[in-house]
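S.K.: got a structure for you, letters missing:
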């Protein structure tokens, strides 16, 4: 499975959002997108743009290389 899989990225972003005590609505407002888009990104049913990923990585203080190259672990 590719590490760039939408489900994988969505799970990392959902967990990071929760760890940072943000609601989906708060994140959506910060990115200037709808809450439904955040829900779909986290569920892996909507692909995330590079710009959105970059902004979320900064917001959540994540290392993008860990996400892109599979260093970030996801609990299933």
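M.R.: Sure thing, it's come through. Just so we're clear, the structure is a prediction, and the values are computed from it rather than from any experiment. Numbers count the residues shown, from 1 in each chain.
S.K.: For the residue nearest the centre of the chain, report the pLDDT, please.
M.R.: Residue closest to the average C-alpha location in the chain (CA atoms, centre = their mean): residue 13, at 2.8 Å. On the pLDDT scale, residue 13 is placed at 96.
S.K.: Can you tell me the element it falls in?
M.R.: helix 6-19 (DSSP states H and E).
S.K.: Where does the prediction get shaky in this structure?
M.R.: 1-4, 71-76 (pLDDT under 70).
S.K.: just so I have it, where are all the helices in it?
M.R.: 6-19, 24-31, 35-43, 50-60, 64-68 (DSSP state H).
S.K.: residue contacts, residue 33?
M.R.: residue 52 (CB atoms under 8 Å, 6 or more residues apart in numbering). Bear in mind the C-beta positions are built from the backbone N, C-alpha and C, glycine included.
S.K.: residues near the closest residue to residue 42 other than its chain neighbours, how many?
M.R.: Closest residue in space to residue 42, ignoring its immediate chain neighbours: residue 14 at 4.0 Å, by CB to CB, 6 or more residues apart in numbering. Residues lying near residue 14 (other CB atoms under 10 Å) number 18.
S.K.: and if you look at the one 4 residues further on?
M.R.: A count of nearby residues for residue 18, using other CB under 10 Å, gives 12.
S.K.: Any figure for the gap between residue 63 and residue 53?
M.R.: Applying CB to CB, to the nearest Å, the value for residue 63 to residue 53 is 12 Å.
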